Every structure is written in C-alpha cells, then in structure tokens.
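Peer 1: Sequence and predicted structure are below.
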Amino acid sequence: MTAIPHADSFLYQAAVDLSATAGDIAAALAEGRSCPGTAARVLDLAQALAAELCPGTIDDARDAGAAARAERREQHAAGELLEAAAAVTRHAARFARIDRSVVTLPDGTAESDSDHTVHLAWLASALASATEPGLDPVLVAAYAVVHDAVEVFADDTPTITITDRERARKHEREQAALLAWHDDLGERLPWLPAMIGRYELQADAEARFVKAADKVAPKLVHHRNSARDLHAAGVTPGQFRDMVREQRASLGTYAEEFAGLLSIYDQVTAAVDRALTGLAGRRPS
C-alpha cells in the first residue's frame, strides 16, 4: 500500500471517527441487526488510514485499552477485598458478643466466645507441643481459632444437660452456619470458611486434638472459680457427673490417642466434681 502523506488534524480525526463508526457497524452485525455495507472492510481501511497517518496509534490505543481494563479489574478486586474484610470484622464483633452458657470468669462476667477461643488456642497449641510431638501446633492453633466460628450464625448451645433432640438441632444449625460462611466468604476470602469446614469434618489428628481440648478448657475455668458458676446455674453434682461420663465415653471414640490430654481431663473434672459437691452440701446460714 502506498504511504499516505501526513495530513492535518481534520483528516486524522476523520480517520479516527471512521474507525469508531466501523466498530459500531461490526457490533451491529454481531448482534444480528441489519447493517448496509461491509463493516469489516471499512474497519480495515480506516485502521490502515489511521496507521499511515500516525504510526503506532492503533497499537497504542489497544495497549491503553488493555491497561485501563486491567486497572478496572484491580480496582474491582480491591473493592471486593475491602468488603470481605469488613464482613470478617462484623462477624468477629458478633462473635465477641456471644456469651457462653454456664461458664463465667472469676470476676463474675460471662465468658464470651472470643474469651474461650483465645483460651483454647493458647491451651491446645501449647499442650499439643508438649504432649504430642507428632502434631503440628500451628495447625492446632489455626483450628482452635475457628472451632466455634459457626456460632456467629448458629449461636451458643448449652450442652451440660442437652437432650438428643437438642443435640440434633444444634448440629442442623451449625451445618447451616457452615454453609453461610461459605456463601459469604467462600470466593472472596476462602481460607477462613475452608478451615472452618476442615475442622467440622474432623479429618485429621490436629482437628481431633482441638475438639478434645475444647472439652478440657471449660473445666479449667470451672476449676479456677471453684465450680461457683456451675452451682449458680443450678447444675447439680449428679448432672455434672452424668455429663462427664457421657463426654468421657465420646472422647474415647476420637481422642484416645491423646493420653496426656485425657489425663488432664480426668484430673480437672474430678477436681470440679469435688468443688461442686462441696458447694451443694452447704446450707444457708
């Protein structure tokens, strides 16, 4: 093709306008709308004209368009990430305001889910490191951090005197809560719902260790306050023993390998039993 001499700005703008118009024609054809002429040919001619008049313009425009699209994608991704981070913050605030039943701190305030989670994360990872060299204490800590996360949507359920029917309902609520986590963050921040799901599946030894340690942690709080929280909640020594008997049997089905942890469980439940029995035997003066 013979090179076209450089023209004035009017001619250049005409070529650019022609290219844009040809693009509209091509779009109309793609959508099935009738359009006279041969749009592809017009587009080729217009692009050739613009390229001759100002070499590099077409490539520069394409590069600029690609860069603009990439920037828009990055901005969208950043906005999505900010929204997801804000959702985590809302869930954490909700979690911190869920009070656990029966368990109270020595100063008389109710233990929150956040209090319990920090306690369990410290306790379980430290005990795993000290008593189970085959476990990864970092993974134990990660499971402990998310072990009650379903309660953001399912709330806490008292379990000392729980019935089979109530336990089944608890399981249903927690399964629904797990789905809620995945719906909310499964695509935006997938690590968190994935870890919650892995813990709920109890697929590895670290998850089972955390589940067992979760039965020890509340007993340590009861022990620290000499069972006064249990007594104030109306829990009798008999009810406590029934719960411990059932719980200990359950522990044997998934945590029998963790001898050190189970030894602590046996010792602390015996101490709480003695303290609760002592409180139950007192008579008002």
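Peer 2: In hand now; what should we look at? Numbers count the residues shown, from 1 in each chain.

Peer 1: and the nearest residue to residue 98 once chain neighbours are set aside, how many neighbours?
Peer 2: Distances taken as CB to CB, 6 or more residues apart in numbering put residue 113 closest to residue 98, at 4.4 Å, once the chain neighbours are dropped. From N, CA and C alone the C-beta is placed, and that goes for glycine too. Neighbourhood size, residue 113 [other CB atoms under 10 Å]: 21.

Peer 1: Just give me the neighbour total for residue 218.
Peer 2: Neighbour tally, residue 218, other CB under 10 Å: 22.

Peer 1: Determine the number of other residues adjacent to the residue lying closest to residue 271 once chain neighbours are set aside.
Peer 2: Nearest non-adjacent residue to residue 271, counting by CB to CB, 6+ apart: residue 223, 5.2 Å away. A total of 17 residues lie near residue 223 under the criterion other CB under 10 Å.

Peer 1: Residue 86 now?
Peer 2: Number of residues near residue 86 (other CB under 10 Å) recorded here: 10.

Peer 1: Where does the prediction get shaky in the stretch 51-200 of the chain?
Peer 2: 51-78, 157-162 (pLDDT under 70).

Peer 1: ok, 80 please
Peer 2: Low-confidence segments of the stretch 51-200 of the chain, defined by pLDDT under 80: 51-79, 106, 155-163, 166-167.

Peer 1: quick one: the strands in it?
Peer 2: Ranges of strands within the stretch 51-200 of the chain are 99-104, 110-112, based on DSSP state E, counting those that start in this stretch.

Peer 1: As TSV, those with distance to residue 186 would be great.
Peer 2: TSV is the format used below for the strands of the stretch 51-200 of the chain (distance: least, CB to CB, whole Å):
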stretch	distance to residue 186
strand 99-104	27
strand 110-112	26
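
Peer 1: Of all these, which one is nearest residue 237?
Peer 2: Between residue 237 and the strands of the stretch 51-200 of the chain, the shortest gap by CB to CB is with strand 99-104, which sits at 14.4 Å.

Peer 1: Send me the closest one as CSV with only the CA atoms.
Peer 2: The C-alpha trace of strand 99-104 is given here as CSV (Å, rounded to 0.1, in the frame of the first residue of the first chain):
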residue,chain,number,x,y,z
ASP,A,99,-21.8,-15.3,75.9
ARG,A,100,-21.3,-18.9,76.7
SER,A,101,-23.8,-20.6,78.9
VAL,A,102,-22.8,-21.6,82.5
VAL,A,103,-19.1,-20.7,82.1
THR,A,104,-18.2,-17.4,83.9
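
Peer 1: What are the contacting residues of it?
Peer 2: The contact list for strand 99-104, computed with CB atoms under 8 Å, 6 or more residues apart in numbering, reads 110-113, 115-116, 156-158, 160, 218, 221-222, 225, 228-230, 232-233, 235.

Peer 1: what's around residue 80, how many residues?
Peer 2: Counted with other CB under 10 Å, residues neighbouring residue 80 total 13.

Peer 1: which residues does it contact?
Peer 2: Applying CB under 8 Å, 6+ apart, one finds that residue 80 lies in contact with residue 188.

Peer 1: quick revisit: just the buried ones among the contacts of strand 99-104, please.
Peer 2: The neighbour-count test (16 or more other CB atoms under 10 Å) marks 111-113, 115-116, 156-157, 160, 218, 221-222, 225, 228-230, 235 as buried among the contacts of strand 99-104.
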